[in-house]
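Trainee: Sequence first, then the predicted structure, then my questions.
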Amino acid sequence: MKFYITTPIYYVNDIPHIGHSYTTIAADIVARWKRLNGFDVYFLTGTDEHGTKIAQAAKEKGKTPQELVDETSARYKEAWKLLNITNDDFIRTTEKRHGHTVQNIVQTLFDKKLIFKHKYEALYCIGCEKFLSEKDLDENGCCPDHKKKPALQAEENYFFKLSAFQDDLLNRITNPSHEEHLEIQPEERRNEIVGKLKLGLEDISISRTAVEWGIPLPFDKEQTAYVWIDALINYVTGVGYPDDKEMFEKYWPADVHLMAKEILWFHSVIWPSVLMGAGLATPKKIYSHGWFTMNGSKMSKTLGNVIYPEELVEKFGVDAARYLAVTLIPFGPDGDISWTGLTLKYNVDLANNLGNLVSRTIKMAEKYFDLKVPQCNPDLELVKKAAKILDEDFAPALNDLHFHKAAEALQNAVTLVNQQIENDAPWKLAKTDPDKLPACIYSYLQAADLIVMYLLPFMPELSVKIWNICGAEGNIEETAKKYFKDKIIPEKGFSVSGSQLQAAQVLFPRIQAEKRQ
Ligand code: MSP
């Protein structure tokens with residue numbers, strides 16, 4: 001089975017920060033999880049490089065647009081490499097293949113008479129790259145997000161008959177048995193979209209005469225495609241439309257488009273309508289998560305409270321940075337983050353809970369069993385209990401993109417083992433009842449092995465490390481794929497008696513509370 005997941009393509013007027021990393025890490029975790037569950041995954045991310053906003057940013061920096069887009073898209077690529085993101089492709093809207101797809105789709109809409117020419121006057125916010133109406137503005141007449149007065153634009157442009165798709169779209173969104181049902185998550189945001197849709201749709205301008213930094217319309221080279229039309233189409237360019245039919249048929253429609261709430265309307269209304277107009281299938285699911293603020297304020301360069309991926313990695317290491325970024329707040333609502341909160345969660349979940357489980361198990365194995373998996377009758381009770389938690393709580397949570405809940409289930413499984421260690425008190429057993437000791441240590445190792453199979457999508461490197469430290473058999477990914485398929489714990493466990501363990505090492509050094517908030 002295939003699974004196609006996307007992130008938004010990010011604007012290149014800004015370098016990647018924790019907000020962009022949040023969505024990209026989330027998508028990567030899902031992609032890795034699906035691969036482990038046997039799906040043929042295609043994972044696309046990239047950069048949105050056209051439009052006034054980019055042209056203006058380039059001018060301010062004294063660069064040509066091309067120089068700016070080349071530099072910044074490279075920064076995104078580097079950031080995703082640093083964060084161990086396994087995207088299958090990285091699309092740039094300035095690539096030739098994309099220009100070709102945009103022109104193809106716009107031409108199709110034009111041929112189907114879904115595009116018409118129209119003179120109009122409206123307020124345009126460059127920050128949002130969209131038109132605003134008077135009622136969208138704050139008390140100073142500014143865009144509430146960008147705090148700038150939108151400029152009045154008067155042009156004769158091409159319009160797309162968005163209004164023609166209202167009923168069909170509503171039906172797809174609200175009728176779960178529609179064969180092209182379009183699921184919007186979370187529920188509250190879906191309801192907002194449905195409410196707005198019921199009020200009716202206005203046709204939208206899809207071209208500009210004044211914006212040169214864009215893709216020319218095939219039927220009127222004086223105009224360029226509106227940056228949002230250009231950007232949304234990346235999702236089909238990325239899977240080969242229109243030339244690579246085999247690839248397109250294999251992966252389209254997208255299984256999940258991930259993004260934050262501010263661009264949900266574009267994805268759940270404009271994009272499906274364009275697709276319907278072009279005669280293409282609509283995406284299956286659109287998931288919009290919330291925004292995070294930093295200590296209660298919006299992250300901004302002026303406030304100096306932006307967190308960059310390099311900083312996160314420097315402080316916590318790649319794997320912990322990935323884990324923390326997506327689990328600190330629930331995925332869906334808005335939430336607040338801080339360095340203090342990140343550090344606290346690191347210490348609690350990783351240094352104290354998981355790190356402690358591995359380090360004390362290994363230390364005991366070293367002390368009592370010469371750093372080998374003890375010889376005993378396999379005791380699988382504990383690993384089965386952990387498996388129940390992971391199977392019942394972790395897997396459904398991650399399938400629903402509830403990273404926070406999935407991590408909670410994972411921590412519960414770790415706590416279960418740590419509690420078992422406390423109850424068994426092997427350090428006492430060593431003196432009072434040494435015959436029981438091998439089966440105890442053995443069972444902690446099996447549980448740790450199982451837990452790290454589930455941890456793999458979050459922490460791809462440390463999971464392998466722990467797997468090896470615990471002397472588990474074979475390749476963790478292959479074992480996890482097999483286990484997730486049949487859910488059978490091997491009779492002798494994952495770490496077989498007699499196998500060599502690796503000496504204890506500090507996996508998650510405790511971190512001092514932050515001075516920065
Ligand atoms: N270029 C458009 C998207 C086009 S998709 C066809 C765009 N780019 S953006 O650079 O502004 O990225 C916005 C996305 O970055 C959000 O939807 C979200 O995925 C992520 N985030 C950026 N800042 C964020 C937060 N502070 N909090 C959560 N996510 C954030 O919009």
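Mentor: Perfect, I can see it now. Numbers count the residues shown, from 1 in each chain.
Trainee: Just the pLDDT for the closest residue to Lys385 other than its chain neighbours.
Mentor: Nearest residue to Lys385 in three dimensions, chain neighbours excluded: Leu416, at 6.1 Å (CB to CB, 6 or more residues apart in numbering). Any C-beta I mention is one placed from the backbone N, CA and C, and that applies to glycine too. The pLDDT attached to Leu416 in the predicted structure is 98.
Trainee: so who does Leu416 touch?
Mentor: Leu416 makes contact with Leu382, Lys385, Ala386, Ile389, Ala447, according to CB atoms under 8 Å, 6 or more residues apart in numbering.
Trainee: A helix includes the fourth one, no?
Mentor: This means Ile389. Yes - under DSSP: H, G, I helix; E, B strand; the rest coil, Ile389 falls within a helix.
Trainee: Around His98, how many other residues sit close by?
Mentor: Per other CB atoms under 10 Å, the neighbour tally for His98 reads 24.
Trainee: for it, phi and psi?
Mentor: The phi/psi pair for His98 (degrees, to the nearest 10) reads phi -80, psi -40.
Trainee: what's the closest non-adjacent residue to the closest residue to the ligand within the stretch 101-250 of the chain?
Mentor: With CB to the nearest ligand atom as the measure, Ala231 is the residue of the stretch 101-250 of the chain nearest to the ligand, at 3.8 Å. The shortest distance from Ala231 to any non-neighbouring residue, by CB to CB, 6+ apart, is to Asp48 (4.6 Å).
Trainee: Convert the top helix by length along the chain to PDB, retaining C-alpha atoms only.
Mentor: For the chain, the helix with the greatest residue count under DSSP state H is helix 403-424. Backbone C-alpha positions of helix 403-424 (Å, rounded to 0.1, in the frame of the first residue of the first chain) are rendered in PDB as follows:
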ATOM      1  CA  PHE A 403       2.500  12.600  18.600                       C
ATOM      2  CA  HIS A 404       2.100  13.800  22.100                       C
ATOM      3  CA  LYS A 405      -0.100  10.900  23.100                       C
ATOM      4  CA  ALA A 406       2.200   8.400  21.300                       C
ATOM      5  CA  ALA A 407       5.100   9.700  23.300                       C
ATOM      6  CA  GLU A 408       3.100   9.400  26.500                       C
ATOM      7  CA  ALA A 409       2.300   5.800  25.700                       C
ATOM      8  CA  LEU A 410       6.000   5.200  25.100                       C
ATOM      9  CA  GLN A 411       6.900   6.800  28.500                       C
ATOM     10  CA  ASN A 412       4.300   4.700  30.200                       C
ATOM     11  CA  ALA A 413       5.900   1.600  28.800                       C
ATOM     12  CA  VAL A 414       9.300   2.800  30.000                       C
ATOM     13  CA  THR A 415       7.900   3.600  33.400                       C
ATOM     14  CA  LEU A 416       6.300   0.200  33.600                       C
ATOM     15  CA  VAL A 417       9.800  -1.400  33.200                       C
ATOM     16  CA  ASN A 418      11.400   1.000  35.700                       C
ATOM     17  CA  GLN A 419       8.700   0.200  38.200                       C
ATOM     18  CA  GLN A 420       9.300  -3.500  37.700                       C
ATOM     19  CA  ILE A 421      13.000  -2.900  38.300                       C
ATOM     20  CA  GLU A 422      12.100  -1.100  41.600                       C
ATOM     21  CA  ASN A 423       9.800  -3.900  42.600                       C
ATOM     22  CA  ASP A 424      12.300  -6.700  41.800                       C
END
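Trainee: hang on, Glu491 packs against Pro378?
Mentor: Yes - the criterion here is CB atoms under 8 Å, and Glu491 meets it with Pro378 at 6.5 Å.
Trainee: List of residues touching stretch 80-90?
Mentor: Contact with stretch 80-90 is made by 16, 21, 24-25, 28, 31-32, 41-47, 73, 76-77, 238, 309-310, 313, 318-319, 321-322, 460-461, as judged by CB under 8 Å, 6+ apart.
Trainee: What parts of the stretch 201-350 of the chain come near the ligand?
Mentor: Within the stretch 201-350 of the chain, the positions lying close to the ligand (CB under 6 Å from any ligand atom) are Ala231, Leu232, Asn234, Met259, Ala260, Ile263, Trp291, Phe292, Met299.
Trainee: ok, back up a step: so which of the contacts of Leu416 is surrounded by the most neighbours?
Mentor: Greatest neighbour count in these, by other CB under 10 Å, goes to Ala447: 30 neighbours.
Trainee: hang on, the earlier thing: which ones among the contacts of stretch 80-90 are found in strands?
Mentor: Cross-referencing the contacts of stretch 80-90 against strands under DSSP state E gives Val41, Tyr42, Phe43, Leu44, Thr45, Gly46, Thr47.
Trainee: The ligand: which of these is nearest?
Mentor: Of all the ones in strands among the contacts of stretch 80-90, the ligand sits closest to Thr47, with 8.0 Å by CB to the nearest ligand atom.
Trainee: how about the residue of the chain found nearest the ligand, what does it touch?
Mentor: Nearest residue of the chain to the ligand, counting by CB to the nearest ligand atom: Gly19, 2.3 Å away. For Gly19, the contact set (CB under 8 Å, 6+ apart) comprises Ala260, Trp291, Phe292, Met299.
Trainee: again with Asp336
Mentor: Contact criterion CB under 8 Å, 6+ apart gives Phe292, Thr293, Met294, Asn295, Gly296, Ile329 as the residues in contact with Asp336.
Trainee: do Asn418 as well
Mentor: When contacts are counted by CB under 8 Å, 6+ apart, Asn418 touches Asn353, Asn356, Leu357.
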